[in-house]
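Student: Dropping a prediction and its sequence here:
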2 protein chains.
Amino acid sequence: MRSEEIQLASRPQGVPNNDNFNFVEINLPSLNSGEVLLKTLYLSVDPYMRGRMREGKSYAAPYELHQPIVGGVISEVMESKSEKLIKGDIVVGFQKWARNQVVHESELQKIDPSLAPISTALGILGMTGLTAYFGLLDIGEPKEGETVVVSGAAGAVGMIVGQIAKIKGARTVGIAGSQDKIDYLVNELKFDEAINYKSEHFKDELASACANGVDVYFENVGGNVSDEVFKHLNVHSRIPVCGAISAYNLQEDIGPRIQTTLIKNRTLMKGFLVGDYAHRASEGILQLAQWLKEGKLTYEETIIEGFENTPEAFIGLFKGTNLGKLLVKVAEPSNH
Amino acid sequence: MRSEEIQLASRPQGVPNNDNFNFVEINLPSLNSGEVLLKTLYLSVDPYMRGRMREGKSYAAPYELHQPIVGGVISEVMESKSEKLIKGDIVVGFQKWARNQVVHESELQKIDPSLAPISTALGILGMTGLTAYFGLLDIGEPKEGETVVVSGAAGAVGMIVGQIAKIKGARTVGIAGSQDKIDYLVNELKFDEAINYKSEHFKDELASACANGVDVYFENVGGNVSDEVFKHLNVHSRIPVCGAISAYNLQEDIGPRIQTTLIKNRTLMKGFLVGDYAHRASEGILQLAQWLKEGKLTYEETIIEGFENTPEAFIGLFKGTNLGKLLVKVAEPSNH
């Protein structure tokens, strides 16, 4: 059987562009015992993937040139030589950006489509939700009445962070890059305040929104925006460092060094990956699903249609156009 | 009674100089109930005091202009209206840079001079030792076989950090600024390696000393030296941020932002002050005294003679000339 996959054609210099990706027709192998043939339904495009497009050691091995990009994928089982999965099952895992692929059962987790829309397995009930949940609660530890600031607040992780902070009784301030996003955060997600970092009054607006200082800063963006937030940190503040999207396309990320700020405020700053919490994933998913059911949590997806638009969708992450989780829809589930 | 105190004459721009300090003759008040008259024996000069010479909020209130500098002081009780302290007692506390002063008993802790030389109350059995002890063990949490790097390694805190790391079974790498210091760290304190950051081969020497990466980086200096150490951090590394002496005299401290490094390695970085551990001080002092007695720990002091040389001693901190704890000896204890 034939399939098509997206390979890394060249390593991006600065912002990725279409030339960095190559669509390649391939032959799929026949199934061995334990393997299934998958049809891709949804692909996840995420900022962290930019890091894997660089050469050199990072927390995950870099993508290799002329090899397929790998990320979060929701698929349907089309054929099975597995004893755990049958035709028609919906599964999620880290797979190739491909229309079809052959994967071992051990790489896949089954999704129950009756619980929630299946796309949530890449979003609020998947890596995205767990990133927000563990980063905020395990490192940020927001307490009632504290001020929690989240950058990239209208992004997939950011909007969940803000809502969980509200559930925990914190005052929540979101930072985002357009008036539409600001309105959405305040009106739909009930953030206490939301600020546009592109506003010429950003510094003043931030100072005013953080009049009592910042107890938790959930870091998604880095750069100038975060430098400004750091000026408002309270004593014993905490900074879960989830991402720094402003830096991913830079050769050098230069700005104020952080040490004196950390000493002055005895701030804890910690980088994390959701994978560090793999052993607690089910705890997180249960809690997130519960909040979703109780209506305490909502989510937003931006869905781009068509496998051929995957590179464009990924590139769009760095333009800040998406609201919430950005997904590519590759195919409809079959009717069984 | 007359005394002399050192006031902040002006706020330093860059490296402090003698003009920033003013020696002022004053009249001491008579003693109220609970108060004692003190004669200063030793003054402590410490890098953190530079921060208090700036205007604006920091972890401690800034020193006020035309008011005395306050820091760690060891004194002898000359007269007492306290029920807790008698003439001849040796005490330690945060007092003025002054030859004599009147202080309430609640501001003072009595020292037992039979335990160790009294100057250790400002050093290894005082704030300095406790800074090393809690910063390294509570935040750094070094484990057997791990690599611990300490900058400012020949400074008061750094040399204790390295020795405690050795006690905990870690491989210890010190960074300092002269061949004499390097030799002292390796030959006297038994650091596994010591590197001169002024060497033209610093980067290579650091890379070679940290061939297995850096698990704990005890941060005393900041700046370029630390930027270089950060390149060698291991996954799940920890950075107790104790000081950043390279930044204290700068208006702006610009360099690589840290966020992507923290994410890549899931590094924990935390600023701290020894005061955060005040409730555990006796635990620390007992353990440090025990190690001292067992010969597992040694210490070094640089003692400048004469109250009039206090500003010069403080300024010397930023030239990196001191080995170990820097003290000013103001007077001999009386013979009783």
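Tutor: Noted; the coordinates are in hand. Remember, it's a predicted structure, so these values are computed and weren't measured experimentally.

Student: Which residue, other than its chain neighbours, is closest to residue A:77?
Tutor: With sequence-adjacent residues excluded and distances taken as CB to CB, 6 or more residues apart in numbering or on different chains, residue A:77 is closest to residue A:89, at 4.4 Å. C-betas here are computed from N, CA, C, even on glycine.

Student: ok, that neighbour touching residue A:113?
Tutor: No - checked against CB atoms under 8 Å, the pair residue A:89 and residue A:113 is beyond contact range at 9.5 Å.

Student: Comparing those two, which residue is more hemmed in?
Tutor: Counted by other CB atoms under 10 Å in any protein chain shown, residue A:89 and residue A:113 do not tie: residue A:89 has more neighbours, with 19 against 12.

Student: And residue A:41, how far from residue A:108?
Tutor: 13 Å (CB to CB, to the nearest Å).

Student: Need the residues touching each of these two.
Tutor: Any residue near both residue A:41 and residue A:108 by CB atoms under 8 Å, 6 or more residues apart in numbering or on different chains counts here, and that gives residue A:75.

Student: Now do the same contact list for the residue nearest to residue A:77.
Tutor: A:76, A:77, A:80, A:110.

Student: State the phi and psi torsions of it.
Tutor: The phi/psi pair for residue A:89 (degrees, to the nearest 10) reads phi -60, psi 150.

Student: And it, how close does it get to residue A:332?
Tutor: 16 Å.

Student: ditto for residue A:205
Tutor: 44 Å.

Student: Same check on residue A:226?
Tutor: Taking CB to CB, one finds residue A:226 at 41 Å from residue A:332.

Student: for the residue minimising distance to the centre of chain A, helix, strand, or coil?
Tutor: With distances taken as CA atoms, centre = their mean, residue A:128 lies nearest the centre of chain A, 4.6 Å away. Put simply, residue A:128 is helix when judged by DSSP: H, G, I helix; E, B strand; the rest coil.

Student: ok, the residue nearest to it when sequence neighbours are not counted - contacts?
Tutor: Spatial nearest neighbour of residue A:128, chain neighbours left out: residue A:156 (4.6 Å); criterion: CB to CB, 6+ apart. Applying CB under 8 Å, 6+ apart to residue A:156 gives the contacts A:46, A:123, A:128, A:322, A:324, A:325, A:326.

Student: Just the helices from chain A, written as ranges.
Tutor: A:48-52, A:127-134, A:156-167, A:179-183, A:202-209, A:223-230, A:259-265, A:281-293, A:310-316 (DSSP state H).

Student: would you list the ones you listed in TSV and tack on distance to residue A:237 and mean pLDDT?
Tutor: Below are those laid out as TSV (distance: least, CB to CB, whole Å; pLDDT from 0 to 100):
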stretch	distance to residue A:237	mean pLDDT
helix A:48-52	24	90
helix A:127-134	19	96
helix A:156-167	14	97
helix A:179-183	24	96
helix A:202-209	15	98
helix A:223-230	9	98
helix A:259-265	6	95
helix A:281-293	24	93
helix A:310-316	32	95
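
Student: out of those helices, nearest to residue B:172?
Tutor: helix A:259-265 (21.2 Å; CB to CB).

Student: For residue B:118, find the nearest of the helices of chain A.
Tutor: helix A:259-265 (28.9 Å).

Student: I figured residue A:95 hits residue A:44, correct?
Tutor: No - with contact defined as CB under 8 Å, residue A:95 does not reach residue A:44; the gap is 10.2 Å.

Student: For those two, indicate the residue with more neighbours.
Tutor: More crowded of residue A:95 and residue A:44, by other CB under 10 Å: residue A:44, with 26 against 21.

Student: Export the helix or strand of chain A with the lowest mean pLDDT to CSV, keeping only CA atoms.
Tutor: Using mean pLDDT, DSSP states H and E, the weakest-scoring helix or strand in chain A turns out to be helix A:48-52, at a mean of 90. In CSV, the C-alpha atoms belonging to helix A:48-52 read as follows (Å, rounded to 0.1, in the frame of the first residue of the first chain):
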residue,chain,number,x,y,z
TYR,A,48,8.1,22.5,20.8
MET,A,49,8.6,20.8,17.4
ARG,A,50,10.6,23.7,16.2
GLY,A,51,13.3,22.8,18.7
ARG,A,52,13.6,19.3,17.2
